[in-house]
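Chemist: 3D model of this:
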Amino acid sequence: MKKDELEGKEQSGQSREEDIDIAQLFVLIGKGFSAIINFIASLIKTVFSWFLIFLIFIRGNLKKMILAAIIGGCIGAIYQYAIKEVQYESSMTVEPNFGSAVQLYKNIDYYLSLVKQNDFERLATSLKISKEEAASISWIEVEPYSNENQLLISYKNFISELDSNAVKHVDYKTFSKGQPIESFKYHIVNITSKDKYIFQKLETPIINSIISNSYYDKVKNTAYSNLMSRKSALESSMVELDSLRELYKTVLLTESAKESSGTSIFMSETGNSTKEVDVFDKYMVMNEELIEVNKTLTAENEVVNVVSSFNSIGMKVKTWYKNFAIIGFIGGFVLMFLMISIRKLDQQLVIYKNQR
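Modeler: The predicted structure follows:
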């Protein structure tokens, strides 16, 4: 009996120790959660306090900042509408072929560098315009025209040339971000000028500067010859297929007219009909290929296709972020805010220094 009682006491002591350990564990977990909650509450309280201090600062100096914004807006408006010359803009959309987009971007960058350097004499020579007209140009740039559909088509064409293992490593997002600008189909040339009648004068020189490259001319002529040969071969093959189809049709009609057993007539008609269908399918495939060749001949007839030309008269630049009245208003507000903030900071530094 004594032995059983001892064993019972030992088991009871072990269970009590386990209960104490579990209780301590829950206490530690509770303290951890409390610390996290207190930290988050303290952080929120601190951020809210800073936000209130910021609002108090704005409220106390709002009149000064609004006055500075009004003065800045008035100065900007005077410059925008009384001093600054009116700017006009227009754009041209082009479709470069045979990789000529590289030359297009190179030429536009060259023109822009001349504008930035105020080298209007050389710019006038390059664009075949007068020096006064060249001096009126204030900006020229080119950018790719892209949308989601074009990117999806380009991605589809790209992965169609890869094996299944390589496709796994190139997703759509990676492809769209890494696609070079020269690979886009359409590109937009934007020009800003003080002369609203100059834009159509610039179209031909810009295009001719690319066409004058003998490399693209050779590539165009070679591509044209290959397409014409392909077109001639397809047309000849289609004529032969059409003749063969007519022959099968004639044989089928002749055999149908013969007086023979039903079984032999059925098998003959079935055989000729199947051949006629095969020939017709081949004819349709070649017809689709011929359509694609004709489309390519039209699209690649020139080194650079002009999809839409410059407007005959430029439009006034009306983008809000280029309006100096708005820029002056925002600038005045921000400048006064910074001046007051620096002054307050300086005062706090002086107080901190005196307290030490």
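
Chemist: starting at the chain centroid, how far to stretch 85-105?
Modeler: In terms of CA atoms, centre = their mean, to the nearest Å, the gap separating the centre of stretch 85-105 from the centre of its chain is 16 Å.

Chemist: Render the CA-only coordinates of it in CSV, please.
Modeler: Included here for stretch 85-105 are C-alpha records, laid out as CSV according to Å, rounded to 0.1, in the frame of the first residue of the first chain:
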residue,chain,number,x,y,z
GLU,A,85,6.1,83.0,-76.7
VAL,A,86,3.2,80.7,-77.7
GLN,A,87,4.3,77.1,-78.3
TYR,A,88,2.7,74.8,-80.8
GLU,A,89,3.0,71.1,-81.2
SER,A,90,2.2,68.4,-83.7
SER,A,91,3.0,64.7,-84.2
MET,A,92,3.7,62.2,-87.0
THR,A,93,3.2,58.4,-86.7
VAL,A,94,5.5,56.3,-88.8
GLU,A,95,6.1,52.6,-89.4
PRO,A,96,9.8,51.8,-89.9
ASN,A,97,10.6,48.7,-91.9
PHE,A,98,13.8,46.6,-92.2
GLY,A,99,15.1,47.7,-88.8
SER,A,100,15.2,51.4,-89.8
ALA,A,101,13.8,52.4,-86.3
VAL,A,102,17.4,52.4,-85.1
GLN,A,103,18.3,55.1,-87.6
LEU,A,104,15.1,57.1,-86.8
TYR,A,105,15.9,57.3,-83.1
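
Chemist: all helices of the protein, in order?
Modeler: Counting by DSSP state H, one finds helices in the chain at the ranges 2-78, 101-116, 120-127, 131-135, 148-159, 164-167, 172-178, 199-211, 214-257, 262-299, 324-355.

Chemist: and the first one, what's its mean pLDDT?
Modeler: So that's helix 2-78. Taken as a whole, helix 2-78 carries a mean pLDDT of 78.

Chemist: Any stretches of the stretch 101-250 of the chain with poor pLDDT?
Modeler: In the predicted model of the stretch 101-250 of the chain, residues 150, 157-158, 161-172, 175-178 satisfy pLDDT under 70.

Chemist: give me that answer again for 80
Modeler: Flagging of the stretch 101-250 of the chain using pLDDT under 80 yields the residue ranges 146-183, 242, 244-250.

Chemist: ok so, going back, do you know which of the helices of the chain lies nearest Ile313?
Modeler: When the helices of the chain are ranked by distance to Ile313, counting by CB to CB, first place goes to helix 199-211 at 7.9 Å. (C-beta placed from N, C-alpha, C; glycine too.)

Chemist: Endpoints of stretch 308-322, how far apart?
Modeler: The stretch stretch 308-322 measures 26 Å between its terminal residues, going by CA to CA, to the nearest Å.

Chemist: same thing with stretch 82-92?
Modeler: Calculated as CA to CA, the first-to-last residue distance of stretch 82-92 is 30 Å.

Chemist: Dump the helices of the chain to TSV, plus mean neighbour count and distance to Ser90.
Modeler: Below are those laid out as TSV (neighbours: other CB atoms under 10 Å; distance: least, CB to CB, whole Å):
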stretch	mean neighbour count	distance to Ser90
helix 2-78	11	25
helix 101-116	17	15
helix 120-127	17	14
helix 131-135	17	14
helix 148-159	13	23
helix 164-167	9	42
helix 172-178	11	29
helix 199-211	18	4
helix 214-257	14	26
helix 262-299	14	25
helix 324-355	14	22
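
Chemist: of those, which approaches Tyr88 most closely?
Modeler: Proximity to Tyr88 (CB to CB) singles out helix 199-211 among the helices of the chain, at 7.9 Å.

Chemist: Can you give the contact residues for the closest one?
Modeler: Counting contacts by CB atoms under 8 Å, 6 or more residues apart in numbering, the residues outside helix 199-211 that touch it are 88, 90, 92, 94, 96, 100, 103-104, 107-108, 126-129, 133, 189, 191, 193, 216-217, 302-304, 306, 309-314.

Chemist: Just want the angle from that helix to helix 214-257.
Modeler: Compare the direction of helix 199-211 with that of helix 214-257 by axes from the mean of the first three to the mean of the last three CA atoms, to 10 degrees and you get 80 degrees.

Chemist: Please parse this protein into its domains.
Modeler: 2-83+326-355, 88-216+307-320, 219-301 (automatic domain parsing).

Chemist: Can you check the distance spanned by the shortest one, start to finish?
Modeler: Here the two ends of domain 219-301 are set 11 Å apart, with distance taken as CA to CA.

Chemist: Check the second one too.
Modeler: Distances were taken as CA to CA; on that basis the terminal residues of domain 88-216+307-320 are 14 Å apart.

Chemist: Residue numbering should commence at 22 henceforth.
Modeler: Shifting the count to begin at 22 puts that one at domain 109-237+328-341.

Chemist: Next up, the contacts around Ile161.
Modeler: Under the criterion of CB under 8 Å, 6+ apart, the contact list for Ile161 reads 129, 132-133, 136, 210-213.

Chemist: just Val115 next, same as before
Modeler: Val115 neighbours (CB under 8 Å, 6+ apart): 125, 207-210, 228, 325-328.
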